[in-house]
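Trainee: Prediction below, plus the sequence it came from.
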There are 2 protein chains.
Amino acid sequence: MSTRARTKPQRDRHQEIVEAAAQVITDRGLAETRIQDIADRCGVSPGLILYYFGSKDRLLVEALTYANDQSYLRTSRELRKLPAASQRMDRLIELSVPGLLPEYSLLDEWALWLEIWVRALRDPEMAKERENLDRRWVQSISEVIRYGRQTGEFPSDAADADDIAMEFGAMVDGLAIQVLLNDTVMTPSRMHDICLDVARRLIGYDGTR
Amino acid sequence: MSTRARTKPQRDRHQEIVEAAAQVITDRGLAETRIQDIADRCGVSPGLILYYFGSKDRLLVEALTYANDQSYLRTSRELRKLPAASQRMDRLIELSVPGLLPEYSLLDEWALWLEIWVRALRDPEMAKERENLDRRWVQSISEVIRYGRQTGEFPSDAADADDIAMEFGAMVDGLAIQVLLNDTVMTPSRMHDICLDVARRLIGYDGTR
DNA sequence: GCCTCTCGTTTGAACCGTCAGTCAACCTGA
DNA sequence: TCAGGTTGACTGACGGTTCAAACGAGAGGC
């Protein structure tokens, strides 16, 4: 925990490696990710990676959760800035569609979800993390709903906010998979339309699109 | 001279290997599947696998599509036996929930979907196959809907059958992922309830549950 | 019936690149 | 000098692929 290092601009190495790992996983896929790739990416020797993480697996799990974490925090922060619940909902939807916004596409993030899921199939630690990450996303949907009901923007007579969020979140997952995999029928804009439509139907607000 | 083949290829070797491969992938996951495992599973030498398929990758893609294919055909055949559209729909839902029916759980089939998706991320051939497979499943939903409308069992004033099927199918995918990964909140029976509920809401029929 | 030739099938070991993980030595700043 | 950070060559195992040889079922000849 030195405050500063001179010869090398070393920030927290741990952090640096995790970020590099997340990028490599995004680029090449989990199965094709080598320790050497990660080492190259942050200009370091392979040995050092093991020095910090002990094993490749530990690093991979941390990288996957870290990337998702960042993505969540970024989105969450952005939503909180918007005053109206309907704006938050619409923006949340916009940000959920892979490849809809070119500058901010979330394509990578969705690809990482797939990797997380496959790994969670057989890695209990990953399975547990996956549930935490997922729960948080669903909660941020239901928070928007509750927020809208509190401010009177959304009607309060509809179903339980958590139930709606779960159902809606599941549909977003399913649609996102198709869009991510370049389905010819399910395009980003079609997914966007469907999501807006379903959200309005479930929550009961009208959009000004 | 027990289990050994004395004569010519007992059955189609190609077929035999594909089936063995699908089982191994199901058991150990795509990433952990070795040619040796597949060879062991059908009592054959590793060399023979390559003799028939040229490369591991070609076999894997074929095995993944084959397994999904079988699962689809089995389901499709079963649905066609049921007279009423509502029965077909309910059964289709039942069969879609991983682990709901102990004897017939589809757990494996869903796990294979995950593998297909990840592979499709970077393998164009797999991506194309994936779209074919997926389209077929969605179509079998919309066929049930159209069938019900034809027989007057379902109202015809609701949305387009294809749109409903797509939306519903996406939600099933999303929910199935959670159930498959042993989510503590999203249990098989909860998924089942949600699916029945949403199906009735979207299609507009009432269940006799 | 028996031999033999042939060709598709099958084997098993060898080949060879790859890669996670190890280790002894080497910084470098305090 | 000391300690933690860093290196990079090394290793040991692994696993896809190759290949030369063996096998065995039929066809045809005798």
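Mentor: Looks like it came in fine.

Trainee: use CA for all of it now, contacts and neighbours both
Mentor: Fine.

Trainee: what residues are up against A:A67?
Mentor: When contacts are counted by Cα atoms under 8 Å, 6 or more residues apart in numbering or on different chains, A:A67 touches A:E19, A:A22, A:E109.

Trainee: pLDDT score for the first one?
Mentor: In this model, A:E19 is scored at 96, pLDDT.

Trainee: and the helix or strand harbouring it, does that touch DNA strand C?
Mentor: Here A:E19 sits within helix A:13-28, counting by DSSP states H and E. No: residues of helix A:13-28 are not located near DNA strand C by Cα under 7 Å from any atom of the strand, the shortest gap being 11.0 Å.

Trainee: For stretch A:69-85, buried residues please.
Mentor: For stretch A:69-85, the neighbour count (16 or more other Cα atoms under 10 Å in any protein chain shown) marks A:Y72, A:T75, A:L79, A:A85 as buried.

Trainee: Of these, which is the nearest to B:V44?
Mentor: Nearest to B:V44 among these, counting by Cα to Cα, is A:Y72 at 48.8 Å.

Trainee: pretty sure that closest one contacts A:W137?
Mentor: Yes: the pair A:Y72 / A:W137 is scored as a contact, 7.4 Å apart, by Cα atoms under 8 Å.

Trainee: returning to what we had before: of the buried residues of stretch A:69-85, which belong to helices?
Mentor: A:Y72, A:T75, A:L79, A:A85 (DSSP state H).

Trainee: Show me the shaky parts of chain A.
Mentor: Low-confidence segments of chain A (pLDDT under 70): A:1-11, A:208-209.

Trainee: again, only using 90
Mentor: A:1-12, A:103-106, A:157-158, A:205-209 (pLDDT under 90).

Trainee: Name the residues of it found near DNA strand D, please.
Mentor: Checking chain A against DNA strand D by Cα under 7 Å from any atom of the strand, the hits are A:Q10, A:R13, A:G43, A:V44, A:S45, A:P46, A:G47, A:L48, A:Y51.

Trainee: Tabulate those residues (TSV), appending distance to B:L64 and neighbour count.
Mentor: TSV is the format used below for the residues of chain A next to DNA strand D (distance: Cα to Cα, whole Å; neighbours: other Cα atoms under 10 Å in any protein chain shown):
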residue	distance to B:L64	neighbour count
A:Q10	45	10
A:R13	40	14
A:G43	38	11
A:V44	38	14
A:S45	38	13
A:P46	34	15
A:G47	37	12
A:L48	38	14
A:Y51	38	9
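
Trainee: ok, so of those residues, who is nearest DNA strand C?
Mentor: Ranked by distance to DNA strand C (Cα to the nearest atom of the strand), the residues of chain A next to DNA strand D are led by A:G47 at 4.1 Å.

Trainee: For the nearest residue to A:N182 once chain neighbours are set aside, list the residues it contacts.
Mentor: Among residues not flanking A:N182 along the chain, B:A127 sits closest, at 8.0 Å (Cα to Cα, 6 or more residues apart in numbering or on different chains). For B:A127, the contacting residues are A:L181, A:N182, B:W117, B:R119, B:A120, B:L121, by Cα under 8 Å, 6+ apart.

Trainee: what do you get for A:S156?
Mentor: A:R149.

Trainee: And the helices in chain A, which stretches?
Mentor: A:13-28, A:35-41, A:46-53, A:56-81, A:85-96, A:107-122, A:124-150, A:161-180, A:188-203.

Trainee: Could you single out the most deeply buried of the ones you listed?
Mentor: Counting by mean count of other Cα atoms under 10 Å in any protein chain shown, helix A:161-180 has the highest mean neighbour count of these, with a mean of 22.

Trainee: Quick one: distance of it to the chain centre.
Mentor: Here helix A:161-180 shows a centroid-to-chain-centroid distance of 13 Å under the convention Cα atoms, centre = their mean, to the nearest Å.

Trainee: now the angle between helix A:107-122 and it, please.
Mentor: For helix A:161-180 against helix A:107-122, the angle by axes from the mean of the first three to the mean of the last three Cα atoms, to 10 degrees is 110 degrees.

Trainee: who touches helix A:161-180?
Mentor: A:96-99, A:107, A:110-111, A:138-139, A:141-142, A:145-146, A:186-188, A:191, A:195, A:198-199, A:202-203, B:117, B:121, B:167-175, B:194.

Trainee: With only the CA atoms kept, save that helix in CSV.
Mentor: Output in CSV follows, covering the C-alpha atoms of helix A:161-180 (Å, rounded to 0.1, in the frame of the first residue of the first chain):
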residue,chain,number,x,y,z
ALA,A,161,-43.6,-4.6,-8.6
ASP,A,162,-41.2,-7.5,-7.9
ASP,A,163,-43.3,-9.8,-10.0
ILE,A,164,-43.5,-7.4,-12.9
ALA,A,165,-39.7,-6.8,-12.7
MET,A,166,-39.0,-10.5,-12.7
GLU,A,167,-41.2,-11.2,-15.6
PHE,A,168,-40.0,-8.2,-17.6
GLY,A,169,-36.4,-8.9,-16.8
ALA,A,170,-36.7,-12.5,-18.0
MET,A,171,-38.2,-11.3,-21.3
VAL,A,172,-35.4,-8.8,-21.7
ASP,A,173,-32.8,-11.6,-21.2
GLY,A,174,-34.5,-13.8,-23.7
LEU,A,175,-34.8,-11.1,-26.3
ALA,A,176,-31.3,-9.8,-25.7
ILE,A,177,-29.8,-13.3,-26.4
GLN,A,178,-31.4,-13.3,-29.8
VAL,A,179,-30.4,-9.7,-30.7
LEU,A,180,-26.9,-10.4,-29.4
